[in-house]
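Student: What shape does this take:
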Amino acid sequence: MKIHSDGIYSTACPRNCYSTCSLQVHLENGRIRRIEPHPDNLATGRGVCLKGLSYIDRVYSPERILQPLKRRAGAHDFMPISWSEALDTIAAELVRIRDVWGAQSLLYYSGSGTKGLLNSVGLEFWRLYGGCTTTYGDLCWPAGLEATRLTLGDNKHNAPWDLENARLIVLWGKNAAETNVQQMLHIDHAREKGAMLIVIDPRRTDSAERADLLVQPRPGSDGALALGIARILINKGWIDNNFISHHVHGFKEFSEYVQAYTPEKTARISDVPAAIIERLAAAIHEHPPLSICAGFGMQRYTNSGQAFRAIIALLAITGQIAKPGAGWIYANLQSHIFSTVRDPVDSFPPQVPDGVIRVAISTALLGPQMLELSDPPLKMAWVERGNPISQNPGTGKVLEAFRSLDFRVVIEQFLTDTAREADIILPAKSFFEQSDIIGAYWHPYIQLKQKIIEPPGQVKPESEVYWLLAKRLGLSVQQLSGKIPDPDDSAVEAFLESKLAPFPELTLERLRRGPVLAPGTEEVAFADFHFLTPSGKIELYSAEARDRWRLDPLPAYTEPEESVAGTSTAAQRYFLNLLTPNTKNSIHSQFNNLPSIRQFSPKPVLTIGAADAASRGIANGEPVRLFNDRGELFLEARIDFGLKKGCVCLANGWWISQGGGVNFLSLARETDMGYGAAFHDNLVEVEKVKL
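Tutor: The predicted structure is shown next:
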C-alpha cells in the first residue's frame with residue numbers, strides 16, 4: 001500500500017447534500033485524524049456537520065466491505081472471494097445475458113449517493129458492452145427543477161452568502177437547521193441585521209424554533225396557500241407593476257385565476273387561518289427584499305410541480321427576483337459546467353448516439369416497471385451509488401422485482417438492504433481514495449475531491465472495476481481511451497485534466513488548493529433579466545406546462561391523488577399524512593449505521609401529535625403499528641407537541657435491517673411534472689400494539 005505524505009489536504013464532501021462542504025483533512029502517520037472546514041468556501045467555511053465528522057468512523061469502520069463477497073448457494077449470507085473469481089463470474093454472466101437475452105436485459109441503476117465526473121463513467125462501459133436498460137427521472141427534486149425551469153428558464157439562484165442581504169426569509173417546507181446547516185449560518189447573520197424569518201412546515205422543526213412565525217399547512221396544500229397569498233397581494237396593490245410589465249408573462253390570466261382563492265377558501269383548503277394568510281401577505285409587502293427557500297419534501301406530491309410554480313409567482317409579482325437578498329432558492333446548477341444538460345428532465349428521452357441505451361424505467365416506478373418490462377425482459381441488475389430497495393417508492397414491489405432477476409451485482413461500502421439482495425457485492429471506495437471533480441447544487445464552486453489515502457483491503461474504485469471487466473470482455477485500450485481511465489493515478493489525473501481543458505481558469509493544480517467559483521458565476525441570479533423561457537420572461541402562464549405535462553398552463557391547484565381531503569379509497573380508510581423527512585444525522589440511507597451517529601439516533605421512532613395519540617389511546621414510548629394497504633411497520637411512538645394534527649412523522653433512510661423501511665408504505669407514482677417520486681401522497685393509520 002502506498003503511504004501518502006502526512007499533511008493537510010483540501011477536498012470536498014461529494015454526498016447528495018445541499019452543502020457539498022469544502023474540507024481540510026489532516027493526515028498523520030498515513031491515517032485521517034481530523035476533518036475541518038476549508039475557509040475558502042464562502043458558503044461552507046464555518047463548520048463541519050456531524051456526518052462530515054463521522055467520515056473517520058465510516059472510512060475505518062470494522063463493518064466496511066473490504067473485499068468481494070459472493071452469496072452462498074441457497075443461503076442468505078456471503079463468503080469472501082478473490083477479485084479474479086468475482087470478475088470472472090460477472091464477466092461470464094454478462095456474456096451469457098447478452099448472448100441469450102440481449103444487452104438491454106441488464107438494468108444499470110446508478111443513484112446519486114456521491115457526485116463526480118469519474119462516477120459517471122459507468123454508462124460509457126455499458127455502451128461498449130453493447131447497451132443496457134437504465135432509468136429516467138429522479139427521487140430527489142425533479143418536480144421542483146421542472147417547475148423552476150418552466151417559470152424562470154433556468155435552475156440557478158443567488159450565491160448562498162447573498163441571503164444575508166434579505167430582510168424576509170421564508171423557509172417553505174425546508175428544515176435548513178438539519179438538512180442544510182451551512183445555510184442557517186447565513187440566515188443567522190441576516191437575522192442579526194434585522195431580517196424576519198418565517199417557516200412554513202407542518203412540523204415544528206429546529207428551524208422553526210428560530211423563526212418569528214411558524215405556519216403549519218395541511219401537507220400537499222402549499223399551492224393553494226400560495227394562490228391565496230397572491231390574491232391578497234394583487235388586490236391590495238402590493239405588487240411591482242413595472243417589474244411585471246417588463247419581465248412577467250401571463251400576469252393578467254394569473255390575476256384572474258387567483259380571485260377564486262379568497263382567504264376563507266384558502267383557509268379551508270390549507271387549514272391555515274385566514275388571518276395568518278393575510279399576515280403572510282403583509283410580511284411579503286413590508287419586508288423586502290424577500291428570499292424563499294423551498295425544500296425537496298414539498299415537491300414529492302402528485303400536485304407539487306404546480307405548487308412550486310404558484311410559490312415562485314409570489315416573487316414574480318412583487319419583483320423579488322434579480323436583486324440582492326431576493327429570489328427563489330431551490331437549485332443552483334451554476335457549477336454544472338461539464339454537461340450541456342442543466343436539468344435532468346431536459347434529457348428525457350435521452351438522445352443516445354449509438355441507440356443501445358434503453359431508458360425505459362421511471363425511477364419513481366422502479367419496482368412495477370422492472371416487472372413489466374419485456375422485449376427483452378430484465379435478467380440482471382448492476383447497482384452503484386444507490387440503495388433502491390429501501391429508498392425507492394414501493395419497497396415490496398422493488399424487492400419482488402430484484403428477486404425475480406437471474407443475477408445482481410451491487411457496489412457498496414456496507415451491507416445495505418440492496419447489498420443484501422446481491423449475488424456478488426463489490427467493495428466501494430470512499431471519497432478519500434480516488435481523485436475526482438465535483439460541482440454542487442446550492443453553491444457555485446467547482447472542487448477537487450483529491451485522493452488522500454489508498455483504498456483499504458481489496459477495495460477498488462468503480463472506474464478500475466469497469467476497466468478490468470472491459471479487459472475480460474475483450475475490449476481494447478483504444479476502445480476505452482477517453483472513456484474509462486486506466487487505474488493508474490496519473491491516468492486518472494490526465495482524465496480529469498481533459499475534462500477541465502475547456503476552462504483555462506480551472507486546473508488540478510489550482511483545485512488542489514481549494515474550491516474555485518465556476519466560470520461565469522452570477523452572485524445575483526438573473527441580474528441581466530435574461531430568462532430562458534419561450535417568452536423571454538418569467539412565465540406565470542406556461543404553454544409548455546400544458547403541452548409537455550398536460551397541465552393547466554397556470555399554476556392551478558389540485559388535491560394530491562392520495563389526500564385526506566380527496567375521494568380516493570385510501571382517504572376513506574386512513575386519516576393521517578405520513579411525513580418522511582431527512583434529518584441532521586443521515587443523508588437518506590447513509591450514516592445511520594455508524595456508532596458515532598447511532599448514539600444520537602439509535603432506532604427509528606414514529607412521532608405523533610398529542611391529540612392524534614390521545615384519540616388512539618397511545619402513550620409516549622409505547623409500541624405502535626404504522627400501516628396502510630401497502631405495508632406495515634412496528635415502531636415506538638414519541639409524542640410531538642409541535643406536529644400538526646393529522647400528521648405522523650418517520651424519518652426516511654432507516655434500513656429494513658435496522659427496523660425501518662418506510663417505503664413499504666409508499667406507492668410507486670410520479671409527480672405532476674419532472675418524473676419525480678410522489679412519496680408523500682401517503683395516507684396511513686396508527687394503532688397501539690397490544691402486548
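Student: For the chain, give me the ranges with low pLDDT.
Tutor: 1-3, 340-355 (pLDDT under 70).
Student: Can you list the buried residues in the longest helix seen in it?
Tutor: For the chain, the longest helix by residue count, based on DSSP state H, is helix 83-100. Using 16 or more other Cβ atoms under 10 Å as the test for burial, helix 83-100 gives A86, L87, T89, I90, A91, E93, L94, I97, R98. To be clear about C-beta, it is placed using only N, CA and C from the backbone, and glycine gets the same treatment.
Student: how far away is the last one from F125?
Tutor: From R98 across to F125, the span is 13 Å (Cβ to Cβ, to the nearest Å).
Student: What of the third one?
Tutor: Distance from T89 to F125, counting by Cβ to Cβ: 17 Å.
Student: Can you name every helix or strand that the longest helix of the chain contacts?
Tutor: With contacts taken as 3 or more Cβ pairs under 8 Å, 6 or more residues apart in numbering; DSSP states H and E, helix 83-100 sits against strand 69-71, strand 106-110, strand 380-384, strand 407-412, strand 424-427, helix 462-472.
Student: Ends of stretch 164-172, what's the gap?
Tutor: Stretch 164-172 has an end-to-end distance of 17 Å (criterion: Cα to Cα, to the nearest Å).
Student: Please tabulate the buried residues of helix 83-100 in JSON lines, including the columns distance to S19.
Tutor: Formatted as JSON lines, the buried residues of helix 83-100 follow (distance: Cβ to Cβ, whole Å):
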{"residue": "A86", "distance to S19": "35"}
{"residue": "L87", "distance to S19": "36"}
{"residue": "T89", "distance to S19": "39"}
{"residue": "I90", "distance to S19": "36"}
{"residue": "A91", "distance to S19": "39"}
{"residue": "E93", "distance to S19": "39"}
{"residue": "L94", "distance to S19": "38"}
{"residue": "I97", "distance to S19": "40"}
{"residue": "R98", "distance to S19": "41"}
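Student: so which of the residues you listed comes closest to T507?
Tutor: L87 (34.6 Å; Cβ to Cβ).
Student: list the contacts for the closest one?
Tutor: V465, L468, L469, R472 (Cβ atoms under 8 Å, 6 or more residues apart in numbering).
Student: Emit the PyMOL select command for whichever of the residues you listed are buried.
Tutor: Isolation of the buried members of the contacts of L87 (16+ other Cβ under 10 Å) is achieved in PyMOL through the command below:
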select buried, resi 465+468+469
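Student: What is the most widely separated pair among the contacts of L87?
Tutor: V465 and R472 (10.9 Å).
Student: For A501, give its distance to I187.
Tutor: Taking Cβ to Cβ, one finds A501 at 39 Å from I187.
Student: Now do the residue lying closest to P519 once chain neighbours are set aside: how many residues are near it, please.
Tutor: Excluding the flanking residues, the one nearest P519 by Cβ to Cβ, 6 or more residues apart in numbering is F503, at 5.4 Å. A count of nearby residues for F503, using other Cβ atoms under 10 Å, gives 15.
Student: my hunch is that F503 is in a strand, does that hold up?
Tutor: No. Secondary structure of F503 (DSSP: H, G, I helix; E, B strand; the rest coil): coil, not part of a strand.
Student: what residues are up against the residue nearest the centre of the chain?
Tutor: For the chain, C140 is the residue whose C-alpha lies nearest the centre (Cα atoms, centre = their mean; 3.3 Å). Residues near C140 by Cβ under 8 Å, 6+ apart: N16, S112, F296, G676.
Student: Which parts of the stretch 101-250 of the chain are helices?
Tutor: 122-129, 142-152, 176-179, 181-192, 222-235, 241-247 (DSSP state H, counting those that start in this stretch).
Student: right, and those - which one's nearest A491?
Tutor: Using Cβ to Cβ, the helices of the stretch 101-250 of the chain put helix 122-129 closest to A491, at 14.7 Å.
Student: outside of the closest one, which residues touch it?
Tutor: Contacts for helix 122-129 (Cβ under 8 Å, 6+ apart): 94, 98, 103, 106, 108, 110, 132, 134, 352, 354, 356-357, 382, 384, 462, 466, 469-470, 473, 475, 479-480, 483-484.
Student: Is it possible to mark the buried ones in those residues?
Tutor: Here, 16+ other Cβ under 10 Å leaves 94, 98, 103, 106, 108, 110, 132, 134, 356-357, 382, 384, 462, 466, 469-470, 473, 475, 480, 483-484 buried among the contacts of helix 122-129.
Student: Looking at the contacts of C140, which one is closest to R625?
Tutor: F296 (28.4 Å).
Student: The closest residue to that closest one other than its chain neighbours: neighbouring residues, count only.
Tutor: Distance criterion Cβ to Cβ, 6+ apart; nearest residue to F296, sequence neighbours excluded, is W141 at 4.9 Å. Each residue near W141 was counted by other Cβ under 10 Å, and the total is 25.
Student: Next: R669.
Tutor: Around R669 there are 21 residues (other Cβ under 10 Å).
Student: OK, contacts around it?
Tutor: T302, A364, L365, P393, E561, A677, A678, D681.
Student: Just among the contacts of C140, which is most surrounded?
Tutor: Counting by other Cβ under 10 Å, top hit in the contacts of C140: G676 with 32 neighbours.
Student: Surely that one touches D138?
Tutor: Yes. Between G676 and D138 there is a contact under Cβ atoms under 8 Å: 6.3 Å.
Student: So for I81, which of the helices and strands packed on helix 83-100 sits nearest?
Tutor: strand 69-71 (4.7 Å).
Student: what packs against the next helix or strand after the closest one?
Tutor: Using DSSP states H and E, the helix or strand that follows strand 69-71 in sequence is strand 78-80. Applying 3+ Cβ pairs under 8 Å, 6+ apart, we find strand 78-80 packed against strand 69-71.
Student: Any idea how many residues pack against the closest residue to I311 other than its chain neighbours?
Tutor: Leaving aside its sequence neighbours, I311 sits nearest to A226 (Cβ to Cβ, 6+ apart; 4.6 Å). Using other Cβ under 10 Å, A226 is surrounded by 30 other residues.
Student: now do L551
Tutor: Neighbours around L551, by other Cβ under 10 Å: 21.
Student: Check the gap between it and E256 for me.
Tutor: 18 Å.
Student: Need the winner for burial among the helices of the stretch 101-250 of the chain.
Tutor: helix 142-152 (a mean of 28; mean count of other Cβ atoms under 10 Å).
Student: export it as PDB, just CAs?
Tutor: The C-alpha trace of helix 142-152 is given here as PDB (Å, rounded to 0.1, in the frame of the first residue of the first chain):
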ATOM      1  CA  PRO A 142     -37.200  16.900 -10.300                       C
ATOM      2  CA  ALA A 143     -40.700  18.400 -10.000                       C
ATOM      3  CA  GLY A 144     -39.200  21.500  -8.400                       C
ATOM      4  CA  LEU A 145     -36.500  21.600 -11.100                       C
ATOM      5  CA  GLU A 146     -39.000  21.500 -13.800                       C
ATOM      6  CA  ALA A 147     -41.300  24.000 -12.200                       C
ATOM      7  CA  THR A 148     -38.400  26.400 -11.800                       C
ATOM      8  CA  ARG A 149     -37.300  25.800 -15.400                       C
ATOM      9  CA  LEU A 150     -40.800  26.400 -16.800                       C
ATOM     10  CA  THR A 151     -41.200  29.600 -14.800                       C
ATOM     11  CA  LEU A 152     -37.700  31.200 -14.700                       C
END
